[in-house]
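1. Predicted model and sequence below, questions to follow.
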Amino acid sequence: MTHPAMFVLAEAEPGRLGELARWYAERHLPEMLDVPGIASATQYRPVADPGAEAPASLLTIYRFDTDDAQDVIAQLAARRHEMSATTALAAATVWLGRDIPDDYNAAPRRGEHP
């Protein structure tokens, strides 16, 4: 069984994605990685279709090194007033989850035959 992860979709204020990305890299990610239970963070930016504009958002996946997701959330809540903030953030959606066990998936993986 794998440890839980926290997925955060952060949407930037119009025209401020670069500022939001800098704040994440320089301030917020180091603060989050200092929280007991958070082992790593990986950040993604959307890729737009040719000729389209990519959404002004960032997806960050925080991997936990504990099964006790509620303890990590409690640690975050206790530190929320100590963490930096930015006005470049328009909205954030947070989702907690864990990998689905291999035996739960009914469909075979690529290259496998039923």
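-> Looks like it arrived, so ask away. Note that this is a predicted model, so its numbers are computed, not measured.
2. Can you identify each of the helices in the chain by residue range?
-> Ranges of helices in the chain, per DSSP state H, are 17-23, 29-33, 69-79.
3. Could you say which of those helices is packed most deeply?
-> Neighbour counts (mean count of other C-beta atoms under 10 Å) averaged over each of the helices of the chain peak at helix 17-23, with a mean of 17. To be clear about C-beta, it is placed using only N, CA and C from the backbone, and glycine gets the same treatment.
4. Point out where the protein drops to low pLDDT.
-> 1, 101-114 (pLDDT under 70).
5. Would you state the strands of it in chain order?
-> Here the chain has its strands, by DSSP state E, at 5-12, 38-44, 57-64, 89-97.
6. how many other residues sit next to the nearest residue to residue 17 once chain neighbours are set aside?
-> Closest residue in space to residue 17, ignoring its immediate chain neighbours: residue 56 at 4.4 Å, by C-beta to C-beta, 6 or more residues apart in numbering. Neighbour count for residue 56, taken as other C-beta atoms under 10 Å: 20.
7. swap in residue 12?
-> Residues lying near residue 12 (other C-beta under 10 Å) number 21.
8. quick one, what contacts it?
-> Contact partners of residue 12, counting by C-beta atoms under 8 Å, 6 or more residues apart in numbering, are 19-20, 56-58, 88-90.
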